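Colleague: could you work out the structure for the sequence below:
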Amino acid sequence: MGRPSLTLTDRARGLLLGLGSGHALGLTIENQALPQGTLGSPSRVPGNLARLDTADSPWGDHVALAALLSEELVQPEIDLSRLVEHWIAWWRRDGRGLDSYTADALEHFAQHDAPAGPRPGGGGAGPLARTLPIALAMFRSPRNLVSGTYHTVLLTHPDSETAWAAVSINVAVSQFMHGRRDVLPDVVDVLQANDASPDLLALVRRIPFIGRDELATSGHSPAVACAELALWCAHHETSLESGVAWVAAHGRDPAATAAVVGGVLGAREGEDAIPAQWIDAVAGVEALRGLAKRLVALRPAAL
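Modeller: Numbers count the residues shown, from 1 in each chain. Sure, this is the predicted structure:
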């Protein structure tokens, strides 16, 4: 359960460090190719998590793109074109872990200075991870939060279902930033008011009434499946550690899913809920802590 004494900075640092440590855990599991279900409890989490720092950039794809978005959000004037330029520059300089769908979208932007149209496959759950900082910058302004999240996702993933899945996550986080615990009614209200996918709305509505074994395992896009897992954990899971470990072992996209759940539960529980050894696996910790503090100090701005 979240603690009433948590400050905005505690929650913001929990989000960014939860994002980073969840990403590290998910990558470790992907790299070890562990069979599904081998992490039945936090005690089965690998001792040495993946660490991605290099001389050029300390982070892999989900954390790097989220950090670059954070840097844009704290500017006096937010410019999505400039953000995409920074994403393209990172991709060409480093690009570790970036999926081909996002890479193709950035290449299209580089060549045409415009987003690509809809493409087969729809992409993965990465946009849900990289847009989490918007919830920190705009939790005081619900309209800007919804619009900013939706349109930032469309830069690389022109798919409304993925965009609304990301919005659902950021609405939940925004409510945690206000110190609330029961966030699903707010998520349902926003999705309903904006004519989001009926399938996504139905999944969110049923979360309070289902157990882990009833979560959808197929038939939905990776982004929607990730949103369902993250919102289920936000509502039911009492421990950040066990929640992130479980989704890393069972999610369809371990690195992205664990990053999203780590960020969501980090916003709910604060930095102190993240195991120290997990934070040790996060490169650039002080940079992320500094970004977190700057993001929650912002006045509401529109993307």
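
Colleague: kindly check the end-to-end length of stretch 69-88 for me.
Modeller: Terminal residues of stretch 69-88 lie 12 Å apart, using C-alpha to C-alpha, to the nearest Å.

Colleague: which parts of that stretch are buried?
Modeller: 69-74, 78, 80, 83-88 (16 or more other C-beta atoms under 10 Å). C-beta: built from backbone N, CA, C; applies to glycine.

Colleague: point out where the protein drops to low pLDDT.
Modeller: For the chain, the stretches with pLDDT under 70 are 1-4, 32-57, 217-218, 300-302.

Colleague: ok, now how distant is the residue nearest the centre of it from Ala196?
Modeller: In the chain, the centroid-proximal residue (C-alpha atoms, centre = their mean) is Ala129; its distance is 2.3 Å. As judged by C-beta to C-beta, to the nearest Å, Ala129 and Ala196 stand 19 Å apart.

Colleague: repeat for Glu85
Modeller: From Glu85 to Ala196 the distance is 30 Å (C-beta to C-beta).

Colleague: same question for Asp182.
Modeller: Taking C-beta to C-beta, one finds Asp182 at 20 Å from Ala196.

Colleague: who's more crowded, these two?
Modeller: Of the pair Asp182 and Ala196, Ala196 is the one with more neighbours under other C-beta atoms under 10 Å, namely 22 against 10.

Colleague: I figured that one was touching Val171, is that so?
Modeller: No: using C-beta atoms under 8 Å, Ala196 is not in contact with Val171, being 10.7 Å away.

Colleague: identify the contacts common to the two.
Modeller: Val190 (C-beta atoms under 8 Å, 6 or more residues apart in numbering).

Colleague: would you mark the buried spots in stretch 116-126?
Modeller: In terms of neighbour count (16+ other C-beta under 10 Å), stretch 116-126 has its buried residues at 116, 122-126.

Colleague: return the member of these nearest to His23.
Modeller: The closest of the buried residues of stretch 116-126 to His23 turns out to be Gly126 (C-beta to C-beta; 10.3 Å).

Colleague: and that closest one, how close does it get to Ala114?
Modeller: In terms of C-beta to C-beta, Gly126 sits 20 Å off from Ala114.

Colleague: cool, Arg13 as well?
Modeller: Separation of Arg13 from Ala114 (C-beta to C-beta): 36 Å.

Colleague: between these two, which has more neighbouring residues?
Modeller: Ranked by neighbour count (other C-beta under 10 Å), Arg13 and Ala114 place Arg13 first, with 27 against 10.

Colleague: element containing the more buried one, please.
Modeller: helix 8-32 (DSSP states H and E).

Colleague: just Ala216 next, same as before
Modeller: Using DSSP H and E, no helix or strand contains Ala216.

Colleague: quick one, what contacts it?
Modeller: With contact taken as C-beta under 8 Å, 6+ apart, Ala216 is in contact with 203, 225, 228.

Colleague: likewise for Leu80?
Modeller: For Leu80, the contacting residues are 72, 151-152, 155, 303, by C-beta under 8 Å, 6+ apart.

Colleague: I figured the residue nearest to the centre of the chain hits His23, correct?
Modeller: Yes: Ala129 is within contact range of His23, at 7.2 Å (criterion: C-beta under 8 Å).

Colleague: who touches both of these two?
Modeller: By C-beta under 8 Å, 6+ apart, the residues touching both Ala129 and His23 are 62-63, 256, 259.

Colleague: quick one: which two of those are the most distant?
Modeller: Going by C-beta to C-beta, the pair spanning these furthest: Val63 and Ala256, at 10.9 Å.

Colleague: higher neighbour count, these two?
Modeller: Val63 (30 against 27).

Colleague: just the element for that one, please.
Modeller: Following DSSP H and E, one finds Val63 within helix 61-73.

Colleague: tilt between that helix and helix 8-32?
Modeller: 150 degrees (axes from the mean of the first three to the mean of the last three C-alpha atoms, to 10 degrees).

Colleague: show me the contacts for the residue lying closest to Trp164 once chain neighbours are set aside.
Modeller: Leaving aside its sequence neighbours, Trp164 sits nearest to Ala196 (C-beta to C-beta, 6 or more residues apart in numbering; 4.0 Å). Going by C-beta under 8 Å, 6+ apart, Ala196 touches 160, 164, 167-168, 190.

Colleague: now swap in Asp99 and tell me
Modeller: Applying C-beta under 8 Å, 6+ apart, the residues near Asp99 are 61, 123-124, 126.

Colleague: tell me which of the residues you listed is nearest to Glu107?
Modeller: Using C-beta to C-beta, Gly123 comes nearest to Glu107 of the contacts of Asp99, at 14.1 Å.

Colleague: I appreciate the help and will end here.
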